[in-house]
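J.: let's see this in three dimensions:
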Amino acid sequence: MPFIPLPLVIVAGGKSSRMGSDKALLPFGDFKTLTEYQLARLQPFFERLHVSTKTRDKFDFDASFIEDNTTYTEHSPLVALLSILEYVNKPVCILSVDTPFVTPEIFHALANNLKETTDAVIAVSPSSSHPLCAIYAPSMIAKIKHALQHHNHKMHHLLEQSKTHYVHFKEDAPFLNLNHPEDYAYAKERL
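T.: Model (predicted):
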């Protein structure tokens, strides 16, 4: 698998309301947390790895953390994305912590579709698009700030207003999202 010369950020700051406990801190595989599992398996394939979170205080391990911009109090993927882009200031791969089967090959395909004029490259599977399995460019910063000023936190709206390229994949399975306890149980069985 070729190396991807971009940073990867694991987004681990969501509310996890449907799961009933913080997904980022759930044990997974041989790891104490799902976040550590994601970092360990993906680290060899990217330039650098970071973890995006509201606050690093909930984690008891060392990593490169990107905390949400405190100007915004909302729980919003857009706040996380803005904070990430301001921190790295270059195109960046984004992956939600609760998608443990997304492969480096998927990001390689996304990176192959990144052009200088592209704001975002988004993975799409038969059932859905995946804006938290994507690559975003710093050109999104002004658009995100505008959306937040207008209290619009919808990712799809932002992507419609941007130069977005969608990369289609044939299967849903790699994009399994651990939203509910039964998803988590199923994912542990698949390991």
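
J.: report the contact partners of the residue sitting nearest the centre point of the chain.
T.: Closest to where the C-alpha atoms of the chain average out (Cα atoms, centre = their mean) is residue 95, at 2.5 Å. Contacts for residue 95 (Cβ atoms under 8 Å, 6 or more residues apart in numbering) come out as 8, 9, 10, 11, 38, 42, 102, 107, 132, 133. C-beta here means a position set from N, CA and C on the backbone, and glycine is covered the same way.

J.: in this structure the fifth one contacts residue 100, no?
T.: Yes. Because the distance of 6.5 Å satisfies Cβ atoms under 8 Å, residue 38 is recorded as touching residue 100.

J.: please identify which of those two sits among more neighbours.
T.: Higher neighbour count among residue 38 and residue 100: residue 38, with 25 against 22, using other Cβ atoms under 10 Å.

J.: for the closest residue to the more buried one other than its chain neighbours, helix, strand, or coil?
T.: Excluding the flanking residues, the one nearest residue 38 by Cβ to Cβ, 6 or more residues apart in numbering is residue 10, at 5.0 Å. Three-state assignment for residue 10 (DSSP: H, G, I helix; E, B strand; the rest coil): strand.

J.: ok, back up a step: out of the contacts of residue 95, which is most surrounded?
T.: Busiest of those [other Cβ under 10 Å] is residue 10, holding 28 neighbours.

J.: what's the closest non-adjacent residue to residue 144?
T.: residue 82 (4.5 Å).

J.: surely that neighbour touches residue 142?
T.: No. The pair residue 82 and residue 142 does not pass the contact test of Cβ under 8 Å, sitting 10.1 Å apart.

J.: and those two? Which one has more around it.
T.: Counted by other Cβ under 10 Å, residue 82 and residue 142 do not tie: residue 82 has more neighbours, with 23 against 9.
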